[in-house]
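K.L.:
Next come a sequence and a model predicted from it.
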Amino acid sequence: MAIVELQNVSRVYHSGDHELHALDGVNMKLDEGKFVVILGPSGAGKSTLLNILGGLDSPTDGKVMVGGRNISTLSGDELAEYRAETVGFVFQFYNLIPTLTVHENVTLVKEIAPNAISATKMIEEVGLSDHLKNFPSELSGGEQQRVSIARALAKNPKILLCDEPTGALDSETGVLVLKLLLKMARDYGKTIVIVTHNQNIARMADVVIRVKNGKIKSCEEQANPVSADKIDW
């Protein structure tokens, strides 16, 4: 069942007399519970696509349907509610609050998410139960990224959007983070969308979408995705 559908979506940015078509007539469907990788070079439109899915940006034209709801027509307050209830975000840089402990960073989502999951449970899921009282500065990069994943998942979102989540990590730690994301897709039925330029990550995906010059060049389902620990990084 499709949880996301983009219908002829375009995003145009203006700078003086110049127009930049970041997205140009994109049509796309994403099914619930799938591990999706969006590939493309810098400037292809990957991050714009992710921002529109996340309600951080709005299309110039077209419809963005999420769970049967057209989010492209929502007001600012309605988009804030959508971000709180429907989507979680994981970025390349972890965006943890340095003065809060691991547990406090994850617990924060209870203030905005009505159906939040126990912070302690999510921290346990990412393997950091022994670090509940640690501050971000006391953690490695991989551990900080796992905290950011726990925080995103504690919102109990339907969709988890990840922008280059392994970009700041070494290859070994990157594999651990990807395996964790895949586990969350399988165990919790979340739709995971990863934007990356890393071709290796695509081998793990249920669906691979290739973007170039603001257009979808291909959308392929993979019957037998490769597990992260079998990829030659």
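P.N.:
In hand now; what should we look at?

K.L.:
Quick one: the strands in this structure, in order.
P.N.:
Assignment of strands within the chain using DSSP state E yields the ranges 2-15, 18-31, 35-39, 61-66, 69-70, 87-90, 159-163, 191-196, 207-212, 215-221.

K.L.:
For this protein, which segments count as helices?
P.N.:
In the chain, the helices defined using DSSP state H lie at 46-53, 76-85, 102-107, 119-125, 141-154, 171-188, 199-202.

K.L.:
which stretch in those helices has the least confidence?
P.N.:
Lowest mean pLDDT within those: helix 171-188, a mean of 78.

K.L.:
Quick check, pLDDT for residue 132.
P.N.:
Confidence score, pLDDT, at residue 132: 95.

K.L.:
Dump the helices of the chain into a markdown table; add mean neighbour count and distance to residue 8 as well.
P.N.:
For every residue, glycine as well, the C-beta is placed using N, CA and C. Listed next are the helices of the chain as a markdown table, based on neighbours: other CB atoms under 10 Å; distance: least, CB to CB, whole Å:
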| stretch | mean neighbour count | distance to residue 8 |
| --- | --- | --- |
| helix 46-53 | 23 | 13 |
| helix 76-85 | 14 | 20 |
| helix 102-107 | 23 | 38 |
| helix 119-125 | 19 | 37 |
| helix 141-154 | 24 | 29 |
| helix 171-188 | 18 | 28 |
| helix 199-202 | 19 | 25 |
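
K.L.:
Including distance to residue 25, could those helices go into JSON lines?
P.N.:
Shown next, in JSON lines, are the helices of the chain (distance: least, CB to CB, whole Å):
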{"stretch": "helix 46-53", "distance to residue 25": "13"}
{"stretch": "helix 76-85", "distance to residue 25": "23"}
{"stretch": "helix 102-107", "distance to residue 25": "39"}
{"stretch": "helix 119-125", "distance to residue 25": "38"}
{"stretch": "helix 141-154", "distance to residue 25": "30"}
{"stretch": "helix 171-188", "distance to residue 25": "29"}
{"stretch": "helix 199-202", "distance to residue 25": "23"}
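
K.L.:
Mind checking the ones you listed for the one nearest to residue 163?
P.N.:
helix 46-53 (5.7 Å; CB to CB).

K.L.:
Quick one: distance of that closest one to the chain centre.
P.N.:
Centroid displacement of helix 46-53 relative to its chain, using CA atoms, centre = their mean, to the nearest Å, is 10 Å.

K.L.:
what's next to it, contact-wise?
P.N.:
Helix 46-53 is contacted by residues 4, 6, 9, 11, 22-23, 26, 38-40, 57-59, 64, 66, 72, 87, 159, 161, 163, 193, 195-197, 211, 214 when judged by CB atoms under 8 Å, 6 or more residues apart in numbering.

K.L.:
Report the buried members of the residues you listed.
P.N.:
Buried by 16 or more other CB atoms under 10 Å: 4, 6, 9, 11, 22-23, 26, 38-40, 57-59, 64, 66, 72, 87, 159, 161, 163, 193, 195-196, 211, 214, out of these.

K.L.:
Tell me, what's the model's pLDDT at residue 211?
P.N.:
Residue 211 is given a pLDDT of 93.

K.L.:
And for residue 140?
P.N.:
The model reports residue 140 with a pLDDT of 91.

K.L.:
Can you name the residues that contact the residue nearest to it when sequence neighbours are not counted?
P.N.:
Nearest non-adjacent residue to residue 140, counting by CB to CB, 6 or more residues apart in numbering: residue 173, 7.4 Å away. Residue 173 sits next to 140-142, 145, 166 when contact means CB under 8 Å, 6+ apart.
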